[in-house]
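In: A structural model of the following input is requested.
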Amino acid sequence: MPRTGILDYESDAIVQLMNVAEEDWTEQELKDALQRAIMLELSTIPPYATALWSITDPDNSKPVRHTIREIVFDEMSHFGLVCNMLTSIGGSVVLDDPLTVPKYPSELPGGVNPGLTVFLSGLTRESAALFADIEKPENPLAFAADGNTIGAFYQRIADVFPRFAHLLTGHNQVTFPLSNHGAGNNIVAMNTIDDVLKAITVIQSQGEGTTASPDNPFPGAPGELAHYYAFKEIAVGKKLVKNPATGTFEFTGADVPLPDTSPVARVPAGGWANDPANAPDPTTADALRTFNTTYSTMLTNLHAAWNGNGNALFEAIGNMGDLGDAARTINAVKLPSDPHHTYGPEWLFVSH
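Out: Below is the predicted model of the structure:
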């Protein structure tokens with residue numbers, strides 16, 4: 001089957017890759033899969049961060065804020081680990097091409113979780129349910145096997161990668177300590193196949209849990225749940241507990257109240273300028289432009305970091321901090337057509 005649209009965010013490239021028999025994967029298929037996985041990890045950060053930044057209490061120790069913040073750091077770690085996998089086998093990470101940049105609202109890149117529309121908004125029960133659906137195993141407490149979930153895609157990569165272990169060079173690796181956010185969260189070099197397989201295990205189990213437990217086996221703190229279950233608690237409004245009578249896990253525990261938030265509305269496709277009723281005034285347009293320019297600069301710096309300029313990672317980290325400040329400025333502006341809701345960041349790529 002010919003490969004089409006590997007770099008096109010809105011293509012079904014992952015479905016195409018999953019339809020190639022495992023034994024027929026070539027070096028190019030593996031590189032294409034890793035580029036797709038990078039785009040997939042990147043696609044989760046804007047919706048999660050938008051929800052996080054809508055929480056008005058800045059105390060990072062508060063339960064829901066802490067949970068979402070840790071998940072954002074997990075996704076950053078996953079992103080870095082997969083970038084290292086690709087560069088270690090001689091591939092080139094592409095992050096500054098408009099084709100690769102996440103689009104919202106849209107399905108996930110590559111055709112994963114078909115029919116799931118990912119949108120940008122403030123934190124609500126609905127957005128938390130969306131996040132749980134992004135992370136959802138085919139069967140809770142088990143990895144999927146049919147290729148429709150993120151976990152299944154990573155499992156295919158793990159199954160195929162050992163045949164190409166001889167390609168691992170350890171060259172062009174970017175490392176960064178993040179273990180304070182999780183035992184497996186350090187962005188480490190991919191020098192051996194064991195490094196690769198361990199990293200994939202971290203990525204899968206932090207998102208989906210294991211076949212035996214909903215706990216994150218690589219937590220930042222004891223008792224931390226895998227992403228799917230953590231988001232599901234917020235969506236349902238109840239803690240996950242084990243029923244002693246049946247041994248099953250159920251969302252029937254203590255209440256999980258939502259924190260106070262800026263009521264960030266869903267961002268329209270292509271940004272607020274495409275919503276005639278809420279076209280931004282010059283001041284708001286400038287704030288949106290500042291966010292989009294900073295986001296684009298961050299992607300450019302991340303691209304540079306995995307293409308020979310490792311120090312650009314520190315610039316990208318600074319950009320991420322600036323994005324939070326810019327988002328909170330945007331979140332304070334009420335919509336002209338609906339003063340009960342506010343603007344939210346657009347996450348649009350601006351070529352510069």
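In: going forward, measure contacts and count neighbours with C-alpha atoms only.
Out: Will do.
In: now the longest helix along the chain: mean pLDDT?
Out: Ranked by number of residues, the top helix in the chain under DSSP state H is helix 27-54. For helix 27-54, mean pLDDT is 96.
In: chain center to that helix: distance?
Out: Relative to the chain's own centre, helix 27-54 is displaced by 5 Å; criterion: C-alpha atoms, centre = their mean, to the nearest Å.
In: which residue is nearest the centroid of this protein?
Out: With distances taken as C-alpha atoms, centre = their mean, the residue of the chain nearest its centroid is residue 44 (2.5 Å).
In: can I assume residue 341 sits in a helix?
Out: No. If the criterion is DSSP: H, G, I helix; E, B strand; the rest coil, then residue 341 is strand and not within a helix.
In: contact partners for it?
Out: Counting by C-alpha atoms under 8 Å, 6 or more residues apart in numbering, residue 341 makes contact with 262, 263, 264, 265, 334, 335.
In: pretty sure the first one sits against residue 55.
Out: Yes. Under the criterion of C-alpha atoms under 8 Å, residue 262 makes contact with residue 55 at 6.4 Å.
In: need the overlap of contacts for these two.
Out: Shared contacts of residue 262 and residue 55, defined by C-alpha under 8 Å, 6+ apart, comprise residue 122.
In: so after the longest helix of the chain, what's the next helix or strand?
Out: As assigned by DSSP states H and E, the chain's next helix or strand after helix 27-54 is helix 63-88.
In: tell me the angle of that next one relative to helix 27-54?
Out: Between helix 63-88 and helix 27-54, the angle comes out at 160 degrees (axes from the mean of the first three to the mean of the last three C-alpha atoms, to 10 degrees).
In: returning to that earlier point: now, which of the contacts of residue 341 sits nearest residue 63?
Out: residue 262 (17.5 Å; C-alpha to C-alpha).
In: end to end, how far does stretch 44-64 reach?
Out: Stretch 44-64 has an end-to-end distance of 17 Å (C-alpha to C-alpha, to the nearest Å).
In: and it, which residues are buried?
Out: Neighbour-count burial for stretch 44-64, counted by 16 or more other C-alpha atoms under 10 Å, picks out 44-55, 64.
In: sorry, back to before: the residue nearest to the centre of the chain touches residue 74, doesn't it?
Out: No. The pair residue 44 / residue 74 is not scored as a contact, 10.6 Å apart, by C-alpha under 8 Å.
In: buried ones in the strand or helix carrying residue 194?
Out: If you go by DSSP H and E, residue 194 is part of helix 193-208. Using 16+ other C-alpha under 10 Å as the test for burial, helix 193-208 gives 193, 196-197, 199-208.
In: from the chain's centre, how far out is it? Work that out for me.
Out: 15 Å.
In: list the helices and strands it packs on?
Out: Judged by 3 or more C-alpha pairs under 8 Å, 6 or more residues apart in numbering; DSSP states H and E, the packing partners of helix 193-208 are helix 63-88, helix 150-160, helix 227-236.
In: for residue 136, find the nearest of the ones you listed.
Out: Across those, closest to residue 136 is helix 227-236 (C-alpha to C-alpha), at 5.5 Å.
In: report the rounded mean pLDDT for the closest one.
Out: The model assigns helix 227-236 a mean pLDDT of 96.
In: that helix packs against which elements?
Out: Counting by 3+ C-alpha pairs under 8 Å, 6+ apart, helix 227-236 packs on helix 63-88, helix 125-135, helix 193-208.
In: and the angle from the longest one to helix 125-135?
Out: With the same axes, to 10 degrees defining the directions, helix 63-88 sits at 30 degrees from helix 125-135.
In: how does the protein divide into domains?
Out: Residue ranges for the domains of the chain, per automatic domain parsing: 26-261, 270-352.
In: pick out the shakiest of those domains, pLDDT-wise.
Out: Ranked by mean pLDDT, these bottom out at domain 26-261, with a mean of 91.
In: kindly check the end-to-end length of that one for me.
Out: One end of domain 26-261 to the other measures 48 Å (C-alpha to C-alpha).
In: can you check stretch 55-71 too?
Out: End-to-end for stretch 55-71, by C-alpha to C-alpha: 15 Å.
In: cool, and stretch 246-263?
Out: Using C-alpha to C-alpha, the two ends of stretch 246-263 sit 39 Å apart.
In: just give me the neighbour total for the nearest residue to residue 229 once chain neighbours are set aside.
Out: Nearest non-adjacent residue to residue 229, counting by C-alpha to C-alpha, 6 or more residues apart in numbering: residue 214, 6.5 Å away. The local packing of residue 214 (other C-alpha atoms under 10 Å) involves 26 other residues.
In: same check, this time on residue 183
Out: Counted with other C-alpha under 10 Å, residue 183 comes out at 15.
In: also residue 252?
Out: Residue 252: 15 surrounding residues under other C-alpha under 10 Å.
In: kindly report the same for residue 276.
Out: When neighbours are counted by other C-alpha under 10 Å, residue 276 comes out with 9.
In: then the one 5 residues further on?
Out: Taking other C-alpha under 10 Å as the neighbour definition, residue 281 ends up with a count of 10.
In: residues contacting it?
Out: Applying C-alpha under 8 Å, 6+ apart, no residues contact residue 281.
In: could you check how far it is from residue 343?
Out: Using C-alpha to C-alpha, we find residue 281 at a distance of 12 Å from residue 343.
In: quick one on the thing from earlier: pick the one among the buried residues of helix 193-208 closest to residue 136.
Out: residue 208 (6.5 Å).
In: was I right to think that closest one contacts residue 227?
Out: Yes. Under the criterion of C-alpha under 8 Å, residue 208 makes contact with residue 227 at 6.3 Å.
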